[in-house]
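Asker: what shape does this take:
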Amino acid sequence: MHVDATRSGKDAPAVAADAGVTFVMPVLNERAYLERATRTVLDQDVDGRPVELVLALGPSTDGTTELARQLAAADPRIVLVDNPAADIPVGLNLAIRAGHHPTIVRVDAHSELTPGYTRRALATLDRVRAANVGGIMRADGRTPFQRAVARAYNSPIGLGGGAYHSGGDEGPAESAYLGVMRRAVLEEVGMFDESIRRGEDWELNLRIRNAGYRVWFDPELAVTYWPRESWTRLVRQFFATGTWRGELVRRYGRRNSLRYFAPPVLVVLTTHDAVLAVLQLTGVVTGWVSLVASVLYLPLAAYAALVIAVAAGSGGGTGWRDKLWTLAVLPTMHLAWGAGFIRGVLRGAKDTVDTSRLGTRNTPLP
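Answerer: You can find the predicted model right below:
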């Protein structure tokens with residue numbers, strides 16, 4: 001496909017054809033995932049360019065730091081920096097500053113790069129002269145619950161239909177999943193905002209676009225993502241993420257996409273219908289008032305039908321446990337995120353953290 005890279009935005013600085021690549025990965029309580037994630041990074045074919053992987057180590061409690069030290073001792077391409085604050089944007093900035101190369105590839109311990117990912121991303125950066133390039137997050141799972149979460153991630157219904165979840169045509173994008181970025185542009189716009197604990201990638205890409213550069217989506221790029229493994233961790237993750245999105249709405253208003261407002265509307269509608277049902281059952285609301293108010297059950301009924309249709313569909317896991325968990329996972333994600341969003345808009349995110357990353361015990365992957 002021929003892409004006209006001049007149609008929007010200015011060109012990011014070019015780099016030498018043999019310039020090296022710095023991978024950056026913030027890490028906290030990821031012992032079950034870290035070795036496999038680092039292997040998919042260090043196995044990337046980058047046509048002989050120098051490579052380094054900088055791990056920003058938070059104060060893990062599950063043996064992650066000890067494993068990271070073992071990996072670094074076995075491979076000089078792995079560099080370790082301490083991230084005592086444990087915040088992702090702080091860790092990313094520490095890792096970027098510790099690196100030496102002009103192209104930065106953000107990676108995640110819960111993700112695995114597909115073969116050829118980096119080489120394709122570098123070629124796309126050169127071809128379209130973008131400041132940041134990202135592709136598709138392909139969620140996957142190994143248990144019925146995790147497969148159900150992955151199914152929700154991959155569905156347009158689950159996370160709102162963003163291109164990096166559901167795919168689409170190559171072209172300019174609002175944001176990029178993880179991202180392959182030019183260091184010069186990152187330094188120009190001020191790196192990651194360390195006051196934002198979730199949604200830091202969206203906010204960074206907003207500043208990149210405001211500076212006139214292109215953020216680019218390439219559907220040929222794919223990263224495997226392993227979601228949270230338990231219902232409580234999923235709730236904590238999505239509540240924190242929604243809270244920070246509410247904070248970003250406070251800061252940036254309508255520059256946030258309208259799709260972010262759907263989950264809080266669902267929370268309000270669910271609360272309204274629950275209260276209405278109690279009032280009707282206790283006889284407080286009766287007659288024509290009850291009849292008119294009952295119209296507001298229809299949107300929630302339509303949502304329930306949609307969730308059932310997605311759960312019964314053929315995508316993702318096909319076992320009955322997968323389908324039952326999908327019935328629970330979709331509304332869990334939407335309601336937890338929406339409740340967090342309302343809290344963030346009303347009170348701000350303040351010191352909200354994603355506690356699903358703290359004090360975890362993960363089952364090692366095969």
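
Asker: could you use CA atoms for every contact and neighbour count after this?
Answerer: OK.

Asker: so where do the strands sit in the stretch 151-300 of the chain?
Answerer: 171-172, 180-182, 215-225 (DSSP state E, counting those that start in this stretch).

Asker: helices or strands up against the second one?
Answerer: The one in question is strand 180-182. On a contact count with 3 or more Cα pairs under 8 Å, 6 or more residues apart in numbering; DSSP states H and E, strand 180-182 meets strand 103-106, strand 132-139.

Asker: mean pLDDT for these: which is lowest?
Answerer: Sorting the helices and strands packed on strand 180-182 by mean pLDDT places strand 132-139 lowest, at a mean of 93.

Asker: pairing partners for that one, with directions?
Answerer: Strand pairing for strand 132-139, determined by DSSP bridges: strand 180-182 (antiparallel), strand 215-225 (parallel).

Asker: before we move on, what SS does the closest residue to R36 other than its chain neighbours have?
Answerer: If the residues on either side of it in the chain are set aside, R36 comes closest to E112, at 7.4 Å by Cα to Cα, 6 or more residues apart in numbering. Look at E112: counting by DSSP: H, G, I helix; E, B strand; the rest coil, its state is strand.

Asker: export the helices and strands packed on strand 180-182 to a markdown table and tack on mean neighbour count?
Answerer: Below are the helices and strands packed on strand 180-182 laid out as a markdown table (neighbours: other Cα atoms under 10 Å):
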| stretch | mean neighbour count |
| --- | --- |
| strand 103-106 | 24 |
| strand 132-139 | 27 |
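
Asker: of these, which is nearest P331?
Answerer: Nearest of the helices and strands packed on strand 180-182 to P331, taken as Cα to Cα: strand 132-139 at 17.9 Å.

Asker: so what touches the closest one?
Answerer: Applying Cα atoms under 8 Å, 6 or more residues apart in numbering, the contact partners of strand 132-139 are 121, 124-125, 150-151, 153-154, 163-167, 176-182, 205, 214-227.

Asker: could you give the separation of that strand from the chain centroid?
Answerer: 10 Å (Cα atoms, centre = their mean, to the nearest Å).

Asker: of the strands paired with strand 132-139, which is nearest L258?
Answerer: The nearest among these, by Cα to Cα, is strand 215-225 at 19.5 Å.

Asker: buried ones in that closest one, by neighbour count?
Answerer: For strand 215-225, burial by neighbour count (16 or more other Cα atoms under 10 Å) applies to V215, W216, F217, D218, P219, E220, L221, A222, V223, T224, Y225.

Asker: and the gap between the residue lying closest to the first one once chain neighbours are set aside and H101?
Answerer: On the basis of Cα to Cα, 6+ apart, the spatially nearest residue to V215 that is not a chain neighbour turns out to be N132, at 4.9 Å. Counting by Cα to Cα, to the nearest Å, the separation of N132 from H101 is 15 Å.

Asker: same check on L300?
Answerer: Distance of L300 to H101, computed by Cα to Cα: 51 Å.

Asker: more neighbours: those two, which one.
Answerer: Taking other Cα atoms under 10 Å, L300 and H101 do not tie; H101 has more neighbours (19 against 14).

Asker: can you pull the contacts of that one?
Answerer: Here H101 is in contact with A19, G20, V21, T22, R183 (Cα under 8 Å, 6+ apart).

Asker: test my guess that the first one contacts L122.
Answerer: No - here A19 lies out of contact with L122, judged by Cα atoms under 8 Å, at a distance of 10.5 Å.

Asker: so between these two, which is more surrounded?
Answerer: Shown here are A19 and L122; by other Cα under 10 Å, L122 has more neighbours (18 against 13).

Asker: how about that one: what's its closest non-neighbour residue?
Answerer: In space, and not counting its chain neighbours, L122 is closest to V180: 7.7 Å by Cα to Cα, 6+ apart.
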